[in-house]
Structures are given as structure tokens and as C-alpha cells.
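Q: Just a sequence and a predicted model for now, questions to come.
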Amino acid sequence: MTGALDTTPPDASGRARALAGRVRRRRIVGLGVLVVVLGVVVVASVALGARTVSPGDVWGAVVGSGGGVDAEIVRSLRIPRTVLGLTVGMALGLAGALIQGFTRNPLADPGLLGLNSGAAFLAVLGIHVFGVGTPSGYVWFALAGSALAGVAVFAVAALGTRSGTASPLSLALAGAAVTFLLQALTNALVLTDTATLDTYRFWVVGSAAGRGFDVFRDVLPFLVVGVVIALFAGRGLNALSLGEDVARALGVKVGLAKGSGLLAVVLLSGAATAACGPIAFVGLVVPHLARSVTGPDQRWLLPYSGLLGAILLVLADTVGRLIARPGEVQVGITLAICGAPVFIALVRRRKLVTL
């Protein structure tokens, strides 16, 4: 009897706890690695650009002891766009993870809700009607447009439903309809006014260049609130992924969880689009890259997506400044060129979509 007891395999719950501990340590180490990589990318963004600046001048500009043209370039151009790129990338990564989780659609991104189109339409309206011509001026119009487009999509998607809440399919269909309508209205405006078209075409391509700390200060409160809401949405998202009935049985207030999470998406993607214009592929690709490390647990997926989004956008912005000296390629173009093949490879390798 004793020998039989000695050969009994370890308790299954003990093995599960050991496995969970290893997974948790791997995720923590991964977060640490991402923080280090982000630090390296930020340093590269400040130090490198279309104009060569010596390391001494870069350091002097950062600590405030340097002077001259090179130090002014670092202080007034590179540092603001690096800070803005970092926060916007983090916002888009978080928004992409949230919208994919709430719609249960692996191909969803913030543009699915018409937020980019709403921002573009009201930005053009501000330029055309009110003569606004600076980023700090039309950022408020773009932010309001994103919010109004999000409200319109949710309202249309919820029409005719018994529960009064939108399903993932109705959200996608309503988002597509609102997007096409707003794009048509935007095109009608820009085609009637050459001056509006000239201003709009530099915004719509997606860029962190030419934005100072004034734009960053305008959108920062919305980004902060969106990040806080997003990081607290992980538990509710995990439960909702099992179905609404199971989530209710687990004590999750489904309406509140959905409403708060989608509010975070509107705040994050709306503020990011208002600041830098519509930037594609960050919200689409980043959650898949993060999920390959974290798995489906949203409590880990969200911080991973935020850090990866910041790394990707700042890195793409830096590369765009280096590959076309003395000019530069806007970050929206760089991400589109690099993001499309990366996402196609992810889809083929991981079979993300099955019908």
C-alpha cells in the first residue's frame, strides 16, 4: 500500500499552480523586455532624424543645457513628436485590443466604429467653415467627430434589438454604413474647396510631425481617462468572451462592462486620431502580436498591446525620418507599407479567421 502511495503522480491542482506560476513569470519578463525596448526606441527617436545631430547636442537639448540650431531641433521637434507618438501608439494598441475583445472579431480595429471617418469629417468641417488651419485648432473638431460617430454607430446597431444592446455583427454593419456616409460627405467638402483639400491631405495621411506640446496637452486628459478605463476592463472582457449569459452568472454587469469598454475605445482612438490623423494597422496588428505571447487573458493582453503599440508607432516614425533624407515619410504611410504584409503573414500562420 505504501509503495502504491509513493508512486502516485503529483496532484493535478499542484501541476496547474506550477504551470500558472511559470506563465505568470514569462508574462512579467515579457513586460520588462517591452519596457526596455520602448526605452531604446524612444532614445533612437530623439537622437535620429533627417538632420544629423551629435550625441552631445542631443544630451544637452534633453537636459536643457544645450543651445544652437541642433539643440532647438531636438527640443522643439523631436521630443514633442516622440512623446506624442508614444502616447498615440499606446492608445491605438489598447483601443485595438478592446474593440477586438468586445466585438469578438479578430479583424476589428478602431476604424470599424467609424471613428476615423467621424474625426475626418468634422476636421474638414472645421477647416472649411471656420477656417481652422493648425493641428491645435482642428484637434477639437476631430475629437468631437470621433465621439459623435461612435454614438451614431452604437445607436444604429442597437435599433430593433430586444435587449437594446448591439451585437458584434450589428456593430460591424452599422460601423461600415456610418463610415461610408461620412467618407462621402468628407469627399464632397474637400472637392469643393482647394484650400480645405490642401490642409486635409496633410492630416489624413497620419503623421506625428508638426505637432507640438499644445496638441499633446489638448488630447492628454482624454487619453488618460481612456487608459484607466481600458486597464480596468480586462476582467469584464474575459467573462464576456465566454458569452453574456456566463458573464452574468459570474456577477459581471454586462451593460456596464460593454459601455465602459466601448467608451474607452472612443476616447483612445478618437484622441489619437484627432492628434495625428487616421493611422492604420496599429490597432489591427498589435493585439495579434500581443496575443501570441499572453494568450487570451485580457488582463495581460491590454498592457502588452499598449506597450507594443507605442514601440511600433515610434519606431515607424523614426524609420520614416531616416529612409527619405533630407525629407521624411509620414508614419501613416510607413505603417501601411510594413503592416499589410505582417498582418497577411499573421493571418496565414495563425488562421485567425474561420467561417
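A: Arrived safely.
Q: What pLDDT does the model give the residue nearest the centre of the chain?
A: In the chain, the residue lying closest to the centroid (Cα atoms, centre = their mean) is Leu92, at 0.6 Å. Note on Leu92: pLDDT of 92.
Q: Now for Ile342, how many residues are close by?
A: That one is not Ile; residue 342 is Val. 16 (other Cβ atoms under 10 Å). In this view, the C-beta of every residue, glycine as well, is placed from N, C-alpha and C.
Q: now it: how far from Lys253?
A: 37 Å (Cβ to Cβ, to the nearest Å).
Q: got a list of what the residue nearest to the centre of the chain touches?
A: Counting by Cβ atoms under 8 Å, 6 or more residues apart in numbering, Leu92 makes contact with 110, 268-269, 272, 279, 282-283, 286, 309, 313.
Q: now Ala280
A: 109, 111, 206, 332, 335-336, 339.
Q: same thing but 6 Å
A: By Cβ atoms under 6 Å, 6 or more residues apart in numbering, the contact set of Ala280 is Ala336.
Q: Need phi/psi at it.
A: phi -90, psi 160 (degrees, to the nearest 10).
Q: picking that back up, which one (most neighbours) among the contacts of Leu92?
A: For those, neighbours tallied by other Cβ under 10 Å; top is Ala272, 38 neighbours.
Q: List the buried residues of the strand or helix carrying that residue.
A: Element membership for Ala272 (DSSP states H and E) is helix 254-276. Residues of helix 254-276 classed as buried: 254, 257-258, 261-276 (neighbour count, 16 or more other Cβ atoms under 10 Å).
Q: same check, this time on stretch 230-249
A: Buried residues in stretch 230-249 (16+ other Cβ under 10 Å): 230, 233-234, 236-240, 244, 247.
Q: okay, among those residues, which ones form the most distant pair?
A: Across the buried residues of stretch 230-249, no pair lies farther apart than Ala230 and Glu244, at 20.2 Å, counting by Cβ to Cβ.
Q: Show the backbone phi and psi for the residue nearest to Arg235 when sequence neighbours are not counted.
A: Using Cβ to Cβ, 6 or more residues apart in numbering and skipping the chain neighbours, the partner closest in space to Arg235 is Arg299 (6.7 Å). The phi/psi pair for Arg299 (degrees, to the nearest 10) reads phi -60, psi -30.
Q: where's Arg299 relative to Ala97, distance?
A: Arg299 is 11 Å from Ala97, by Cβ to Cβ.
Q: what about those two, which has more around it?
A: Taking other Cβ under 10 Å, Arg299 and Ala97 do not tie; Ala97 has more neighbours (31 against 15).
Q: List phi and psi for that one.
A: phi -60, psi -40.
Q: And for the one 10 residues further on?
A: Recorded main-chain torsions at Leu107 are phi -100, psi 10, according to degrees, to the nearest 10.
Q: Asp297 now?
A: phi -70, psi 110.
Q: Could you do Val205 as well?
A: phi -70, psi -20.
Q: Distance-wise, check it relative to Cys276.
A: Taken as Cβ to Cβ, the span from Val205 to Cys276 is 10 Å.
Q: Also Ala44?
A: 19 Å.
Q: next one: Phe180
A: 23 Å.
Q: where does the stretch 1-150 of the chain have low pLDDT?
A: Low-confidence segments of the stretch 1-150 of the chain, defined by pLDDT under 70: 1-13, 66.
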